[in-house]
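Structural data only, the sequence is not supplied:
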C-alpha cells in the first residue's frame, strides 16, 4: 500500500484508517467524539510545529544573512561594527586598534591566562 504523505488528504485518510482500527473496541460509546477530538488536537499540534519550524528557519536565514554581510565587510577591509556602540563611541588605543568593553566571558578568559 503506497501512501503519498505529501498530500494532506492522504495523511488524514491514513490516520483515520489506523485510528478506526484502534478504536473498534470503544467505538460504540465514544468513537466519533474521541476521534474528532484526537484529529483536532493532531491538526493543532502539526500547525504549531510548522509555525515553530517556519520561525526557526526565518531566524536561521536572518542570522546567515548577517554573517554573510559581516564576512563581506571583513573581506572589503572595513572594521566590523562593535555590538551596541556606534562608530563614534568606539575608542582607539595608541596603536590604532579599537578599544571596547570586554564581555563577562572575555573577562573570565583573561583571568584564566
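Received, thanks. Owing to the predicted nature of the structure, the values given are computational and were not obtained by experimental measurement. Numbering: from 1, shown residues only.

residue nearest the centroid of this protein?
If you average the C-alpha coordinates of the chain and look for the closest C-alpha using C-alpha atoms, centre = their mean, you land on residue 56, 1.9 Å from that point.

any low-confidence regions in this structure?
The model of the chain has pLDDT under 70 over residues 1, 23, 25-31, 80-100, 113.

could you pull out the strands for it?
Remark: strands of the chain, listed N- to C-terminal, are 91-92, 98-99; assignment by DSSP state E.

Is there a neighbour count for residue 38? I'd like the number.
A count of nearby residues for residue 38, using other C-beta atoms under 10 Å, gives 14. From N, CA and C alone the C-beta is placed, and that goes for glycine too.

Ignoring the adjacent residues along the chain, who's closest to it?
residue 19 (6.7 Å; C-beta to C-beta, 6 or more residues apart in numbering).

again, but for residue 14
Leaving aside its sequence neighbours, residue 14 sits nearest to residue 3 (C-beta to C-beta, 6+ apart; 5.2 Å).

Need the phi and psi values for the one you found.
Dihedral angles of residue 3 (phi, psi; degrees, to the nearest 10) stand at phi -120, psi 130.
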